[in-house]
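Asker: got a predicted structure plus its sequence, pasted below:
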Amino acid sequence: MCVGALLLAASCIQARPGPEDNPRELTDSSGARFAWECDYQGCSIGLLQETPTPSLEFWPGSPAAGYRTTWGRLFAVCLADVEDEWLSTPAWCRPVACQSRADCPQVFEYERVYSYECRHGLCQNADKETWPPDFLKRKDAWLLCYAGYPRAETLNSLDAHIEVGGRVTDACTADVTRTTSCTLPLPFGCRQP
């Protein structure tokens, strides 16, 4: 009886993901492809031959540009100032696209594991209690409304920012904090979560 209980308990324990549970490449919603390099310390974003060259030459002081990742409900790749701790804007970020869970990163290097699954063609957090599918924060609405734009069109474009800003304003409550809720479905032109 005890042996059966031990076997049942062992089968319920899920193994912590590791580097082998991650893809080798990520593709964002604009179609840009990136290397995703993992070892037992964690994962980092890298460049492939076809990855758009990171550039912030339009930004005052022309900071050193590179790519960083951010995660929460959505896993995203952002153009960023790599010398600053984190200088980026929603216009420079795109959610990671997928066809299956195998395309989605698994963040395992912290105490809390962030597991991503493929839902509606985007890598979304598998923890539906923390990130319910029917609730969307304003910061995620920005990502979803920029999702369809090629990266080059939103680097320094006021037109795109006004257009996307209008969509986010239409969908989200007047409180402009990053945690405000938004009405689903999002307006035409935005990806749906």
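Answerer: Ah, there it is.
Asker: just the element for residue 142, please.
Answerer: In this assignment (DSSP states H and E), residue 142 forms part of helix 138-146.
Asker: lowest mean pLDDT among the helices and strands, pick that one out for this structure.
Answerer: helix 2-12 (a mean of 43; mean pLDDT, DSSP states H and E).
Asker: just checking, next helix/strand downstream of that one?
Answerer: Heading C-terminal from helix 2-12 (DSSP H and E), you reach strand 25-28.
Asker: for that next one, list the C-alpha coordinates in PDB.
Answerer: What follows is strand 25-28, C-alpha atoms only, in PDB (Å, rounded to 0.1, in the frame of the first residue of the first chain):
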ATOM      1  CA  GLU A  25      15.100  30.000 -32.000                       C
ATOM      2  CA  LEU A  26      12.300  32.400 -31.300                       C
ATOM      3  CA  THR A  27      10.200  34.100 -33.900                       C
ATOM      4  CA  ASP A  28       8.300  37.300 -32.900                       C
END
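Asker: as a whole number, average confidence for it?
Answerer: Mean pLDDT, strand 25-28: 97.
Asker: which parts of it are buried?
Answerer: Neighbour counts over strand 25-28 (16 or more other C-beta atoms under 10 Å) mark 26-28 as buried. Backbone N, C-alpha and C define where each C-beta goes, glycine included.
Asker: present those as JSON lines; the columns should include distance to residue 173.
Answerer: Shown next, in JSON lines, are the buried residues of strand 25-28 (distance: C-beta to C-beta, whole Å):
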{"residue": "26", "distance to residue 173": "32"}
{"residue": "27", "distance to residue 173": "32"}
{"residue": "28", "distance to residue 173": "28"}
